[in-house]
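structural data only, the sequence is not supplied:
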């Protein structure tokens with residue numbers, strides 16, 4: 001089974017409530033999401049880990065959104081989507097000329113925004129590497145860089161379940177059942193330890209590579225998948 005590279009999105013929005021709203025809404029589409037409040041935080045986020053697309057507010061403190069868009073346009077593989085309250089035609093033109101691929105006026109429907117992100121993702125240059133690949137037969141996980149990670153029996157059971165539900169939430173109860181553990185507090189702790197060790201194992205085997213497994217509060221876990229998975 002394979003896991004396509006997930007679209008990595010950075011939301012640049014200084015309104016914390018709106019940023020949280022966007023992150024919550026877009027999380028249901030399986031994107032890898034990060035949120036920052038200004039240009040400096042964006043720079044730090046991209047230095048730590050590159051992104052495929054940024055969602056950019058224009059009315060930001062210090063460095064404005066148009067300036068950020070123009071600066072980021074030097075990277076031809078980075079998609080830019082502007083989200084702003086500025087609706088004048090002249091402002092739209094200015095935003096697109098600054099380097100934006102899309103220009104949305106707030107408020108924006110999350111489903112429409114997600115569709116634009118997916119469309120832009122298909123147009124961007126594909127990220128380097130191959131999809132994640134899991135084999136229960138060989139008890140191994142292969143990273144996009146081609147590094148093979150050997151797995152324990154429990155790690156195999158966990159990944160087989162997660163790969164069978166790519167991009168979907170897998171509840172703790174499903175994991176308990178797959179591992180043959182009772183639904184109780186001690187089992188929660190054992191699962192967290194199992195996942196933590198698996199993440200660490202992947203990072204040690206292939207430094208700089210992170211297993212795209214996200215915890216969802218009070219819901220379970222989701223193994224993120226791209227459109228083609």
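On my side now, so go ahead. This is a predicted model, so every value here is computed, not measured.

look up phi and psi at the residue positioned nearest the centre of the chain.
Residue closest to the mean C-alpha point of the chain, counted by Cα atoms, centre = their mean, is residue 32 at 0.6 Å. Backbone torsions of residue 32, given as degrees, to the nearest 10, read phi -90, psi 110.

name whatever forms a beta bridge with it.
Using DSSP bridges, the bridge partners assigned to residue 32 are residue 8.

then residue 213?
Beta-bridge partners of residue 213, as defined by DSSP bridges: residue 223.

where's the residue located most distally from the centre of the chain relative to residue 99, distance?
With distances taken as Cα atoms, centre = their mean, the residue sitting farthest from the centre of the chain turns out to be residue 90, at 32.7 Å. Per Cβ to Cβ, to the nearest Å, residue 90 is found 17 Å from residue 99. Placement of C-beta: from N, CA and C, glycine included.

about what we covered before: what about the residue nearest to the centre of the chain, distance to residue 19?
Residue 32 is 16 Å from residue 19, by Cβ to Cβ.

again with residue 146
Residue 146 is 36 Å from residue 19, by Cβ to Cβ.

show me the domain layout of this structure.
Domain ranges of the chain: 2-123, 132-223, per automatic domain parsing.

now render these as a markdown table, adding mean pLDDT.
Listed next are these as a markdown table, based on pLDDT from 0 to 100:
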| stretch | mean pLDDT |
| --- | --- |
| domain 2-123 | 89 |
| domain 132-223 | 88 |
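
of the ones you listed, which stretch is the most buried?
Highest mean neighbour count among the domains of the chain (mean count of other Cβ atoms under 10 Å): domain 2-123, with a mean of 17.

which helices and strands does the longest helix along the chain pack with?
Longest helix in the chain by number of residues (criterion: DSSP state H): helix 185-205. The contact analysis (3 or more Cβ pairs under 8 Å, 6 or more residues apart in numbering; DSSP states H and E) places helix 185-205 against strand 148-150, helix 153-163, helix 172-179, strand 213-216.
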